[in-house]
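Q: With the sequence up front, the predicted model follows.
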Amino acid sequence: MFRNAGLILLLIVIASIVWFFVKGRVTRAQEQVRDRALEGASVGRAATARPAAKHLAMMGRTLTLAADPQRTGELIAQVAGADDRVTDVRPEPQALIVEIDGSRPLVRAHLLPDRTVVGVDEMTWEMGFPQGASVWDRVAAAIAQAATAQGIPVSEGTREFVRADRPQERAEVWVVKT
């Protein structure tokens with residue numbers, strides 16, 4: 001009986017050690033993919049990190065709606081609120097906040113007197129990719145389509161991100177590069 005218990009305990013210890021090293025290798029591999037996506041210096045690296053780079057580019061997409069901020073704010077709230085993965089749309093002074101999946105990515109629509117600029121202000125990087133990129137891309141496309149249908153001129157831009165110094169639990173938080 002003690003022999004079986006000792007054998008089981010030994011197997012648990014060995015499995016724990018193996019899990020520790022396997023998990024560490026996966027994390028290092030994810031970091032390498034992220035770094036390759038951000039560097040993109042060579043064709044080989046860019047090809048290896050194509051999915052992560054694609055998601056990062058989707059997160060950097062911005063829209064500028066050239067119309068009254070009240071009108072564009074209502075349009076953004078209506079269109080974004082219709083998406084299943086958007087959990088909250090709330091006003092702030094001169095802005096409208098759109099939360100995807102409860103917290104990140106955090107999309108902010110800056111309501112300026114002559115235009116509205118909409119884009120991701122913060123995101124998390126987990127499992128080798130920025131999280132919520134496909135949702136933001138879908139919401140941005142829907143906003144652009146609805147604005148165009150209403151005769152509001154829309155232009156697209158891009159943003160770059162950097163890793164923030166304030167981690168959120170185990171996820172990395174990335175913010176707009178200033």
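A: Done, it's in.
Q: Can you classify Thr124 by secondary structure?
A: strand (DSSP: H, G, I helix; E, B strand; the rest coil).
Q: wait, I meant Asp84
A: Three-state assignment for Asp84 (three-state DSSP): coil.
Q: quick one: contacts for Pro113?
A: Pro69 (Cβ atoms under 8 Å, 6 or more residues apart in numbering). In this view, the C-beta of every residue, glycine as well, is placed from N, C-alpha and C.
Q: Tell me how far Glu172 lies from Val162.
A: The gap separating Glu172 from Val162 is 11 Å, by Cβ to Cβ, to the nearest Å.
Q: Which residue of these two possesses the greater neighbour count?
A: Looking at Glu172 and Val162 with other Cβ atoms under 10 Å, you find the greater number of neighbours at Glu172, namely 16 against 11.
Q: Wasn't the more buried one part of a strand?
A: Yes. Counting by three-state DSSP, Glu172 falls inside a strand.
Q: Just give the nearest non-adjacent residue to it, would you?
A: Leaving aside its chain neighbours, Glu172 sits nearest to Trp125 (4.4 Å; criterion: Cβ to Cβ, 6 or more residues apart in numbering).
Q: ranges for the helices of the protein?
A: Along the chain, counting by DSSP state H, helices occupy 2-39, 43-48, 50-59, 69-81, 133-149.
Q: Give me the mean pLDDT for the fourth one.
A: Read that as helix 69-81. Across helix 69-81, pLDDT averages out at 92.
Q: and the gap between the residue nearest to Glu172 and Arg90?
A: The gap separating Trp125 from Arg90 is 24 Å, by Cβ to Cβ.
Q: And the two? Which one has more around it.
A: The neighbour comparison of Trp125 against Arg90 (other Cβ under 10 Å) goes to Trp125, with 23 against 10.
Q: tell me which residues form a beta bridge with that one?
A: Counting by DSSP bridges, Trp125 forms beta bridges with Pro130, Glu172.
Q: for it, what are its contacts?
A: 34, 131, 163, 171-174.
Q: distance of the residue lying closest to Leu106 once chain neighbours are set aside from Gln94?
A: Of all residues not flanking Leu106 in the chain, Glu122 sits nearest, at 4.3 Å (Cβ to Cβ, 6+ apart). Noted for Glu122: a distance of 18 Å to Gln94, by Cβ to Cβ.
Q: Who has more neighbours out of those two?
A: Of the pair Glu122 and Gln94, Glu122 is the one with more neighbours under other Cβ under 10 Å, namely 18 against 12.
Q: Pull the contacting residues for the more buried one.
A: Contacts of Glu122 (Cβ under 8 Å, 6+ apart): 104-106, 164, 173-176.
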